[in-house]
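Participant: Need coordinates for the below:
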Amino acid sequence: MASSRLVVPSYETLGDTAWSAFLAVVRRVGAACYGRAMTYATIGTMGVKPGERDAVIEIMTRHNSVLRDAGCLVYEVGGRDDDPDTVYVAEVWESEEAHAASLELDEVKAVISDAMPHLTGDFGGYDFAVAGSPLRD
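Facilitator: Got it, this is the predicted structure:
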């Protein structure tokens with residue numbers, strides 16, 4: 001059985017540049033895991049034309065590292081068997097401002113443009129400030 005013990009490198013073993021990069025990752029992951037950065041969530045629905053849900057899901061789940069760089073912590077896309085003409089999207093962002101700014105990115109605009117011909121224009125959902133989680137200390 002593999003050990004779940006975390007091995008933390010030292011400054012001496014990494015050197016100045018790698019140590020700085022390591023600390024940046026620790027701060028980002030720590031913030032995401034413990035709630036400091038996880039502040040804005042949105043859960044939305046998009047109506048799709050009959051038979052086109054899988055095409056929209058494929059478009060929206062193409063790898064896009066720009067989202068992470070823009071402050072997206074969670075981006076999940078899916079559907080339900082009993083609702084074949086709806087796509088569901090759950091997002092968690094570092095801030096509401098990060099989410100809004102992401103909509104101006106060329107890569108995000110391209111995904112929206114690719115998905116639009118498949119959509120009916122029926123959108124729904126909710127957004128909220130994340131207060132906490134039983135999964136974090």
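
Participant: What is the neighbour count of the closest residue to Thr45 other than its chain neighbours?
Facilitator: Spatial nearest neighbour of Thr45, excluding adjacent residues (Cβ to Cβ, 6 or more residues apart in numbering): Gly124 at 4.4 Å. In short, each C-beta sits where N, CA and C put it, glycine included. Using other Cβ atoms under 10 Å, Gly124 has 11 other residues around it.

Participant: Quick check: the gap between Gly124 and Gly47.
Facilitator: Look at Gly124 and Gly47: by Cβ to Cβ, to the nearest Å, they are 8 Å apart.

Participant: for Arg62, same thing?
Facilitator: 21 Å.

Participant: go on, Val89?
Facilitator: 12 Å.

Participant: Ok, Glu94 next?
Facilitator: 29 Å.

Participant: Ala41 pairs with what?
Facilitator: Val92, Phe128 (DSSP bridges).

Participant: Isn't it up against Gly132?
Facilitator: No. With contact defined as Cβ atoms under 8 Å, Ala41 and Gly132 do not form a contacting pair (11.7 Å).

Participant: Please say which of these two ends up with more neighbours.
Facilitator: Applying other Cβ under 10 Å to Ala41 and Gly132 shows that Ala41 carries more neighbours, namely 18 against 9.

Participant: which residues does the more buried one contact?
Facilitator: With contact set as Cβ atoms under 8 Å, 6 or more residues apart in numbering, Ala41 has these partners: Val74, Ala90, Glu91, Val92, Trp93, Asp127, Phe128, Ala129, Val130.

Participant: where in this structure is pLDDT low?
Facilitator: 1-38, 137 (pLDDT under 70).

Participant: Tell me which stretches of it form strands.
Facilitator: In the chain, strands defined by DSSP state E lie at 40-48, 72-80, 83-93, 119-129, listed in chain order.

Participant: Serialize those strands to a markdown table and add fields for distance to Leu105.
Facilitator: Shown next, in a markdown table, are the strands of the chain (distance: least, Cβ to Cβ, whole Å):
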| stretch | distance to Leu105 |
| --- | --- |
| strand 40-48 | 16 |
| strand 72-80 | 11 |
| strand 83-93 | 13 |
| strand 119-129 | 19 |
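
Participant: and of the ones you listed, who's closest to Ile112?
Facilitator: strand 119-129 (9.4 Å; Cβ to Cβ).
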